[in-house]
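J.: What would the 3D arrangement of this be:
(one chain, ligands or ions: 2)
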Amino acid sequence: MYLVAVDKEKCEGCEECVNNCPVSVFQMTDGKADPFQADLCEGCETCVSVCPTGAVTLTEM
Ligand code: SF4
Ligand code: SF4
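T.: Ligands and ions are numbered 1, 2, ... in the order given. Below you'll find the predicted structure:
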């Protein structure tokens, strides 16, 4: 199981994580990425790779 989190202070709202997550973990809320379906995360690390500001962190539980 993976824990995906977004640091809203670092998120600049580019939507790259929303557009590239294969299982639609993210939605945008008030201009920031929100991992609203975090339980679906498969740990592919795509969101970490595409985020330009290092706002997304992934931790294996
Ligand atoms: S690690 Fe992969 S599956 Fe998990 S939230 Fe990021 S892009 Fe989606
Ligand atoms: S990729 Fe990073 S900066 Fe862009 S919306 Fe997602 S968390 Fe925010």
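J.: Can you tell me what sits against stretch 5-12?
T.: Contacts to stretch 5-12, defined as C-beta atoms under 8 Å, 6 or more residues apart in numbering, come from residues 17, 26, 32-35, 38, 52-57, 59. From N, CA and C alone the C-beta is placed, and that goes for glycine too.
J.: which parts of that stretch are buried?
T.: V6, C11 (16 or more other C-beta atoms under 10 Å).
J.: so how far is the first residue of stretch 24-32 from its last?
T.: 15 Å (C-alpha to C-alpha, to the nearest Å).
J.: Show me which residues of it are buried.
T.: Buried, per 16+ other C-beta under 10 Å, within stretch 24-32: V25, F26, K32.
J.: So what does C44 have for phi and psi?
T.: phi -70, psi -20 (degrees, to the nearest 10).
J.: What of the one 5 residues further on?
T.: Backbone torsions of S49, given as degrees, to the nearest 10, read phi -70, psi -40.
J.: what about it, neighbour count?
T.: A count of nearby residues for S49, using other C-beta atoms under 10 Å, gives 11.
J.: what does the one 4 residues further on give?
T.: Counted by other C-beta under 10 Å, the residues lying close to T53 total 13.
J.: hmm, back to that, which of the contacts of stretch 5-12 are buried, as a ChimeraX select command?
T.: Applied in ChimeraX, the following selects the buried portion of the contacts of stretch 5-12 according to 16+ other C-beta under 10 Å:
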select :17,26,32,33,34,35,55,56
